[in-house]
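>>> Okay, structure incoming, though there's no sequence with it:
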């Protein structure tokens, strides 16, 4: 199960428990920062997706942006590479999650901006709603920059009683805020960690956020944006490098693929350079 502290930002005091002892230890840690804890099903390995939705007082409702996490569920969104728009969803899956997002926001009666996070089973259409943030979140800042849709500005106007049709998009100056952006380009957010500054600190990633910053890359293709992001996060690299990155120990490659760390992306590239098949990398990660 997943143990989470309620009303905690950045996954503070959360973690996965495989037995009663781990459950007790995590619950004690979570109760140290909150009076309430949440026990959820362990959905590690499912796809993690997000939709940004805005709704006005007249019940006009649009999805501004959808994003997909590069890492499977189990790693905090703040520690995961995030791509907009989603890269692996079928048209049916995209519209299924979009229509659900609109129904949820209308049912909750949210006026303004909201962020909804999903877990989607990779081999079926089974999905779960992880959480709904009825506010601007970290992801909203990425969505706003990625699409050129001023979410904070529009959300403020909506909370003052204006409707989407009457608000002009302050970025494009031509469309109204009731216009859904469509992307013919790719945007990628990559986190940055400073874990090497501290001795004896584990670099394993999980449900609690460890990153201290992030970069955003814009390009025509996924290949282009991931190369740009790698260069920005680590200026010593020429892009997404495997063996040339000097970050991966060749002798222990399989363990580095199985464990989610701040360098696993480079372990994946190293494995592909060494002739691993995509299926073998998928199985290990």
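Looks like it arrived, so ask away. Since this is a predicted model, take the numbers as computed values, not measurements.

>>> Any buried residues in stretch 183-191, and which?
186-191 (16 or more other C-beta atoms under 10 Å). (Glycine included, C-beta is placed from N, CA and C.)

>>> which among those residues gets closest to residue 75?
Relative to residue 75, the closest of these is residue 191; by C-beta to C-beta it sits at 9.9 Å.

>>> wait, what's in contact with the closest one?
By C-beta atoms under 8 Å, 6 or more residues apart in numbering, the contact list for residue 191 reads 78-81, 211, 213-214, 233, 262.

>>> Out of these, which end up buried?
78-81, 211, 214, 233, 262.

>>> can I get those in TSV with secondary structure and distance to residue 270?
Supplementary listing: the buried ones among the contacts of residue 191 in TSV, determined by DSSP: H, G, I helix; E, B strand; the rest coil; distance: C-beta to C-beta, whole Å:
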residue	secondary structure	distance to residue 270
78	helix	25
79	helix	20
80	coil	20
81	coil	17
211	coil	22
214	strand	23
233	helix	17
262	coil	15
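
>>> for those residues, which one is nearest residue 147?
Nearest to residue 147 among the buried ones among the contacts of residue 191, counting by C-beta to C-beta, is residue 214 at 17.1 Å.

>>> For the stretch 1-150 of the chain, which residues score under the pLDDT cut-off?
Residue ranges of the stretch 1-150 of the chain with pLDDT under 70: 10.

>>> Which stretches in it count as helices?
Assigned by DSSP state H, counting those that start in this stretch, the helices in the stretch 1-150 of the chain fall at 20-31, 91-108, 138-147.

>>> Straight-line length of stretch 230-237, end to end?
End-to-end distance of stretch 230-237 (C-alpha to C-alpha, to the nearest Å): 7 Å.

>>> wait, what's in contact with the residue nearest the centre of the chain?
Most central in the chain under C-alpha atoms, centre = their mean is residue 77, positioned 3.8 Å from the mean C-alpha point. Residues counted as contacts of residue 77 (C-beta under 8 Å, 6+ apart) are 48, 50, 69, 117, 138-139.

>>> Farthest pair within those residues?
Largest separation among the contacts of residue 77 by C-beta to C-beta: 48 and 138, giving 14.0 Å.
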